[in-house]
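1. Sharing a model prediction with you, sequence too.
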Protein chains: 2
Amino acid sequence: MAVTDIATRTYDHGFRLDPIVRSLLDTDFYKLLMLQMIRHLYPDVQATFALINRTQTVHLADDIDEAELRAQLDHARTIRFSKKELIWLAGNSLAGQARIFKPDFIAWLADFRLPDYRLARVDGQFELQFAGPWTHTTMWEIPALTIINELRSRAATKGMGRFALDVLYARAKAKLWDKVERLRLLPDLVISDFGTRRRHGFLWQRWCVEALKEGLGPRFIGTSNVLLAMDNDLEAIGTNAHELPMVLAALAESDADVAAAPYRVLDDWRHHYAGNLLIVLPDAFGTASFLERAPDWVADWTGFRPDSAPPIAGGERIIRWWQAHGRDPADKLLIFSDGMDLDSIEATYRHFDGRVRMSFGWGTNLTNDFSGCAPDGAMGLEPISLVAKVVTANGRPAVKLSDNPDKATGQPAEIARYLRIFGEEGRSPLPVIV
Amino acid sequence: MAVTDIATRTYDHGFRLDPIVRSLLDTDFYKLLMLQMIRHLYPDVQATFALINRTQTVHLADDIDEAELRAQLDHARTIRFSKKELIWLAGNSLAGQARIFKPDFIAWLADFRLPDYRLARVDGQFELQFAGPWTHTTMWEIPALTIINELRSRAATKGMGRFALDVLYARAKAKLWDKVERLRLLPDLVISDFGTRRRHGFLWQRWCVEALKEGLGPRFIGTSNVLLAMDNDLEAIGTNAHELPMVLAALAESDADVAAAPYRVLDDWRHHYAGNLLIVLPDAFGTASFLERAPDWVADWTGFRPDSAPPIAGGERIIRWWQAHGRDPADKLLIFSDGMDLDSIEATYRHFDGRVRMSFGWGTNLTNDFSGCAPDGAMGLEPISLVAKVVTANGRPAVKLSDNPDKATGQPAEIARYLRIFGEEGRSPLPVIV
């Protein structure tokens, strides 16, 4: 029983790469749900995704070595879904429904690989783009983000001493557990991990998810990370994202079709999924106009995920809308997932408790909160607002307005056109932290 | 490269005992310094040591399984000094002096083993006694304390979940590092680890010592734990203890000899050791009477370790005494080691800074501060005031008065006699936490 395993140590001598992405399931569940629908309805659409660093003060290309980034991206392109993973996807009941992924989709996944990328350095930032079939480029969103975020963490921790590193993670664990103990005081809490994309690193996200499973018990309902859900017998959590209305609006031939795109997405969706997967994401082009023009059947859906409005104001607006449409909010679900942390979770919980069903998707502040944890105030561990967004569909520019103008994406002329179509009501700037 | 080493796992299946004491060097350095002198001058004295739990609210025999305690004590009796350890003791410069341990003493250590013990359970406490030659029973002090303290920690952590345990140690590490960062603000700090006897456990003490070495650099001058000093290339720190004047006073034939015993100890000591080892421990029978009657040559010694008076008042008294004897306190050393923690270290440092050389021996609050660290408020991790004291010498009762009457030990009639001999001046009760 050697304290040091000789084979491991010898292998480590020749260590080439510590891969950040080791499974195509190491992604958010909604990507797979959306992918099945995209492949079914829009197999020929070409969509380009691009990395957008909203934290311009952080110069990613100065912090991260380009060769290391290429090595990680290249490694991710070598990965295939394993047999075990495909069997689990096919056989597991997900989101309360059996066999949600159809056999033809599973068969198609078996041959899936991530498409090529374009990478350049411009003014201290990386220009990273993924062009090709929407069915393939969409799957780069999460691995691209996790790779860059973890490379940034590795750069920040490089050169730290053995005990400084030990203390760094000790403090982060202590900090998370303090949050767990506060969350336990909310008896009917329903919370899940949404922190894959901006995690400090995979192993740290795994620790957080397993700690929440032990610490919160049934209050912790699962994780958006499909791999962690599989490995820990947790529910995979997620529904859909802004890319669906963004692509459909970009493809629209007329302003009227642009205006109708958000509802066409929901109509597509309800023909593929049901129950807990019928969650409306209303803010792609502004929640106010979305609610105003929404057909009555949208009020039959299970719930809403207000994603860029302040949680209490955003939730109240949706509750008023349900009431105006004769629905009882107590039967409905609100999912809060925009930059939540303990204070906003507690305030939102207490505000809506008993009036509506609530669920929290806890993201960056779960899996990447190292504030105050670094010995000697080491820099580079604060999370940044990094996204990978669809920028064109079949060559036409894609736009997101959001309820928060600081989260808008797209070319200025197109944003102006969308604002004419959807109006500006209810949009107000909020600081974008993560 | 298996993640789990099969041989280790198979060994673990049959695990019989996780020994708490694995080396006879896992003791305080002063025990070895005293032992060399005891063997030289008092080889025939019989001394009985006894465990004394001053925290009577903690019922050790209810918390700790007697069979486990016996197994650990029995295991400690099987240990011998290893060749490597004896070579290190013989060859290393300790406390600034080369070859402090003489060849005949090293040769004698090679055959050393801990003597037998007597163990009984009485009213929820353990009666644990070590009777025999002083040269052997003295060496039980530290292993007896570390075994009982670590068994208590193990009882407290038994049954805790994997993540609860992870968080427990994460919080304790974070807490210690916060202290390290505060200590760094004291530019001329000189501090060492004195925490062996009341440590949470051996591995935790090792973490603390190694963390201080990395975190404090040259401000951290070493550890009283000889094994940790050897393994980490640190200085072994320590001088002498109350047992010397206690035994010599017990052996004295007249009250006058009792009164002279504290100075006879110092006279013995200065014929064995020099330099930094000439540290006076003045409080065995009260510091006031000690200073009043001390011969002038005591003022030539390097420093004092006031061990039961409040540090600032105790230090000021010694400084006045040096001045009254015409010595410059700036050339002298005060070692503070009685229940020190950050607040008292900072206050003492700031009070004496520039007036006298200072060194801190940081004990229980370094190696056993888990206050506020246990998830779910698990009990049993707070340190207790446990000591192992000499109770008889050649069958005659031994007494310690201390500056703090709550730290006195001995039979009431003998304590009364000693108080008549030494007087009560300057003794005042202070809470005994650890």
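-> Structure received. Numbering: from 1, shown residues only, chains lettered A, B, ... in the order given.

2. My read is that residue A:28 contacts residue A:238, right?
-> Yes. With contact defined as C-beta atoms under 8 Å, residue A:28 reaches residue A:238; the gap is 5.5 Å. Placement of C-beta: from N, CA and C, glycine included.

3. Which of those two has more residues huddled nearby?
-> residue A:238 (30 against 23; other C-beta atoms under 10 Å in any protein chain shown).

4. what are the phi and psi angles of the more buried one?
-> phi 150, psi 160 (degrees, to the nearest 10).

5. Repeat that for residue A:60.
-> phi -60, psi -40.

6. Against residue A:274, how distant is it?
-> 41 Å (C-beta to C-beta, to the nearest Å).

7. Overlap in contacts, residue A:28 and residue A:238.
-> A:194, A:224 (C-beta atoms under 8 Å, 6 or more residues apart in numbering or on different chains).

8. which one is residue A:294 nearest to, not counting chain neighbours?
-> Of all residues not flanking residue A:294 in the chain, residue A:263 sits nearest, at 6.6 Å (C-beta to C-beta, 6 or more residues apart in numbering or on different chains).

9. what about the residue nearest to the spatial centre of chain A, which SS state?
-> The centroid of chain A falls nearest to residue A:197 when counting by C-alpha atoms, centre = their mean (5.5 Å). Using DSSP: H, G, I helix; E, B strand; the rest coil, the structure places residue A:197 in coil.

10. Is it in contact with residue A:28, as I believe?
-> Yes. Residue A:197 is in contact with residue A:28 according to C-beta under 8 Å; the separation is 7.0 Å.

11. Would you mind listing the buried residues in stretch A:76-87?
-> A:76, A:79, A:81, A:85-86 (16 or more other C-beta atoms under 10 Å in any protein chain shown).

12. and that stretch, average pLDDT?
-> Averaging pLDDT along stretch A:76-87 yields 96.

13. That stretch: how far from the chain's middle?
-> Centre-to-centre, stretch A:76-87 and its host chain are 20 Å apart (C-alpha atoms, centre = their mean, to the nearest Å).

14. what residues does that stretch touch?
-> Outside stretch A:76-87, the residues touching it (C-beta under 8 Å, 6+ apart) are A:19-25, A:89, A:106, A:109-116, A:143, A:147, A:230.

15. Give the buried subset of the residues you listed as a ChimeraX selection command.
-> Of those, the buried ones go into a single ChimeraX selection, burial set by 16+ other C-beta under 10 Å:
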select /A:20,21,23,24,25,89,106,109,112,114,143,147,230
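
16. What about whichever residue of the stretch 301-434 of chain A sits closest to chain B, how many residues nearby?
-> In the stretch 301-434 of chain A, the residue found nearest to chain B is residue A:375; the distance is 6.3 Å by C-beta to the nearest C-beta. The number of residues packed near residue A:375 is 20, by other C-beta under 10 Å.

17. Grab the nearest non-local neighbour of it.
-> In space, residue A:375 is closest to residue A:164, 4.3 Å off (C-beta to C-beta, 6+ apart).

18. For residue A:89, see how far away residue A:35 is.
-> Counting by C-beta to C-beta, the gap from residue A:35 to residue A:89 is 11 Å.

19. which residues are in contact with both of these two?
-> What both residue A:35 and residue A:89 touch, as defined by C-beta under 8 Å, 6+ apart, is an empty set.

20. count of residues packed around residue A:384?
-> So residue A:384, with other C-beta under 10 Å, has 20 neighbours.

21. And what about it, helix, strand or coil?
-> coil.

22. can you pull the contacts of it?
-> Residue A:384 touches A:53-55, A:58, A:149, A:152, A:198, A:434, counting by C-beta under 8 Å, 6+ apart.

23. what do you get if the cut-off is 6 Å, keeping everything else the same?
-> A:55, A:58 (C-beta atoms under 6 Å, 6 or more residues apart in numbering or on different chains).

24. quick revisit: can you tell me the element the residue nearest to residue A:294 falls in?
-> helix A:255-270 (DSSP states H and E).

25. After that helix, which helix or strand is next? Please name it.
-> Helix A:255-270 is succeeded, C-terminally, by strand A:279-280 (DSSP H and E).

26. how distant is the one helix or strand in chain A whose mean pLDDT sits lowest from the center of its chain?
-> Lowest on mean pLDDT, DSSP states H and E among the helices and strands of chain A sits helix A:6-13, with a mean of 76. For helix A:6-13, the separation from the chain centroid amounts to 36 Å (computed by C-alpha atoms, centre = their mean).

27. and the angle for the very next helix or strand once past it with helix A:255-270?
-> Using DSSP H and E, the helix or strand that follows helix A:6-13 in sequence is helix A:29-41. Our comparison of helix A:29-41 with helix A:255-270, counting by axes from the mean of the first three to the mean of the last three C-alpha atoms, to 10 degrees, yields an angle of 110 degrees.

28. Show me which residues of helix A:29-41 are buried.
-> Quick answer for helix A:29-41 (16+ other C-beta under 10 Å): A:29-39.

29. Chain B: which of these is nearest?
-> The closest of the buried residues of helix A:29-41, once distances to chain B are taken by C-beta to the nearest C-beta, is residue A:29, at 23.7 Å.

30. which residue packs closest to that closest one, ignoring adjacent ones?
-> Nearest one to residue A:29, counting by C-beta to C-beta, 6+ apart, is residue A:238 at 3.6 Å.

31. quick revisit: roughly how far apart are the residue nearest to residue A:294 and chain B?
-> 44 Å (C-beta to the nearest C-beta, to the nearest Å).

32. One more: residue A:128?
-> Taking C-beta to the nearest C-beta, one finds residue A:128 at 33 Å from chain B.

33. element containing that residue?
-> Counting by DSSP H and E, residue A:128 is part of strand A:125-130.

34. and that strand, what other elements does it pack with?
-> strand A:47-53, helix A:60-63, strand A:118-122 (3 or more C-beta pairs under 6 Å, 6 or more residues apart in numbering or on different chains; DSSP states H and E).

35. Please put the alpha-carbon coordinates of the shortest one into CSV.
-> Taking C-alpha atoms only, helix A:60-63 is exported to CSV below (Å, rounded to 0.1, in the frame of the first residue of the first chain):
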residue,chain,number,x,y,z
LEU,A,60,-9.5,36.9,-21.5
ALA,A,61,-6.8,36.5,-24.2
ASP,A,62,-4.2,38.0,-21.8
ASP,A,63,-5.2,35.6,-19.0
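
36. Following element in sequence after it, please.
-> helix A:66-78.

37. For chain A, what lies in contact range of chain B?
-> A:1, A:5, A:7-8, A:11, A:161, A:163, A:167, A:170-171, A:173-174, A:177, A:211, A:214 (C-beta under 6 Å from any C-beta of the partner chain).

38. Run through the strands of the stretch 301-434 of chain A in chain order.
-> Under the criterion DSSP state E, counting those that start in this stretch, the stretch 301-434 of chain A contains strands at A:303-304, A:333-336, A:357-362, A:386-393, A:396-397.

39. which neighbours do residue A:197 and residue A:28 share?
-> Shared contacts of residue A:197 and residue A:28, counting by C-beta under 6 Å, 6+ apart, come down to residue A:142.

40. Residue A:163 against residue B:214, yeah?
-> Yes. Residue A:163 is in contact with residue B:214 according to C-beta atoms under 6 Å; the separation is 4.3 Å.

41. higher neighbour count, those two?
-> The neighbour count for residue A:163 versus residue B:214, taken as other C-beta under 10 Å, is higher for residue A:163 (21 against 16).

42. If you count neighbours, what's buried in the helix or strand hosting the more buried one?
-> Element membership of residue A:163 [criterion: DSSP H and E] is helix A:162-183. For helix A:162-183, burial by neighbour count (16+ other C-beta under 10 Å) applies to A:163-164, A:166-177, A:179-180, A:183.

43. what helices or strands is that helix leaning on?
-> Short answer (3+ C-beta pairs under 6 Å, 6+ apart): helix A:162-183 packs on helix B:162-183.
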